[in-house]
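**Q** Below is the sequence, then the predicted model.
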Amino acid sequence: MRKSLIAASLLAVTVATAPACATKKYVQTEVGNVNSKITTLAGTVEQTQARIQQDEARIGQVDQKAEAAGQSAQQANTAAAAAAQAARQVGTRVDQVASDVAANAAAARKLIFQVTLNEDQGNFTLGKADLPDAAKTRLDQVVAQLKGDTKNNVYIEVEGHTDNIGSQASNYQLGLDRAEAVKRYLYMQHQIPLHKINVISYGEEKPVAPNNTKEGRAQNRRVVVRVLS
């Protein structure tokens, strides 16, 4: 009887503890799986952070290169602008020297007569180089005075002048354009050889009247034509 009671008790304890052992093993297994996943995830996060750092380094290098390229482009633009300005200045100086040389050569010649195209004889419009009709008529009269082959044996000097409205550089160019307009008319309309005509611009440098009045400025906007032998 006693043996039967002990056996029954052992059986009850075995039945009671069996589920507990099974549950503990399951939990341990699951915890292991979770730890494994956490470890894997931590490794992935570290790899991602490493890639981010590499990308940031590359981006920094690209930014530095882009900034350097921008500075180089700006420096190149500045250098190009300076070179263009220097070229314009050289070109202007060359034109001036050529005109001065021609003017000195003309100074050795004998003046036959001189005509001034201004307010009274074909005024130039403010800021314009177009040759007025009255100026063309006066030039026709000048050529008519040169009979026959005489016109091929003379030398013509054309001076361009302006008032003082605008910059000195722009007035120099405007005076030159006006003188060139006269030269072009003499060549195209009357076949005066181009090598017989010299043009020079004085811009606003040689006014013949005060520039503080409308009438004075009109007189200063002129072209002087000298016929030399």
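**A** That came in fine, so what should we check first? Quick caveat: nothing in here was measured; it's all calculated off a predicted structure.
**Q** Tell me where the model's unsure across the protein.
**A** Low-confidence segments of the chain, defined by pLDDT under 70: 1-22, 24-28, 30-35, 37-38, 41-42, 45, 84, 86-108, 119-127, 147-152.
**Q** That one - how does it break down into domains?
**A** Domain assignment for the chain, taken from automatic domain parsing, gives 1-94, 109-228.
**Q** Could you export those as JSON lines, including mean neighbour count?
**A** In short, each C-beta sits where N, CA and C put it, glycine included. Formatted as JSON lines, the domains of the chain follow (neighbours: other Cβ atoms under 10 Å):
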{"stretch": "domain 1-94", "mean neighbour count": "10"}
{"stretch": "domain 109-228", "mean neighbour count": "17"}
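**Q** Give the other helices and strands that the one helix or strand E180 maps to contacts.
**A** Using DSSP states H and E, the element containing E180 is helix 168-190. Packing partners of helix 168-190 (3 or more Cβ pairs under 8 Å, 6 or more residues apart in numbering; DSSP states H and E): helix 2-107, helix 133-144, strand 155-161, strand 197-203, strand 223-228.
**Q** Can you dump the C-alpha atoms of that helix in CSV for me?
**A** Only the C-alpha atoms of helix 168-190 are listed here, as CSV (Å, rounded to 0.1, in the frame of the first residue of the first chain):
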residue,chain,number,x,y,z
GLN,A,168,35.4,110.7,-73.6
ALA,A,169,35.8,107.2,-75.2
SER,A,170,32.4,107.2,-76.7
ASN,A,171,32.9,110.7,-78.2
TYR,A,172,36.2,109.6,-79.7
GLN,A,173,34.4,106.7,-81.4
LEU,A,174,31.6,108.9,-82.5
GLY,A,175,33.9,111.5,-84.0
LEU,A,176,35.7,108.7,-85.9
ASP,A,177,32.4,107.3,-87.2
ARG,A,178,31.5,110.7,-88.5
ALA,A,179,34.8,111.1,-90.3
GLU,A,180,34.5,107.6,-91.7
ALA,A,181,31.0,108.5,-93.0
VAL,A,182,32.5,111.4,-95.0
LYS,A,183,35.3,109.2,-96.3
ARG,A,184,32.9,106.5,-97.4
TYR,A,185,30.7,109.1,-99.3
LEU,A,186,33.7,110.6,-101.1
TYR,A,187,34.8,107.1,-102.2
MET,A,188,31.5,105.7,-103.2
GLN,A,189,29.9,108.8,-104.7
HIS,A,190,33.0,110.4,-106.2
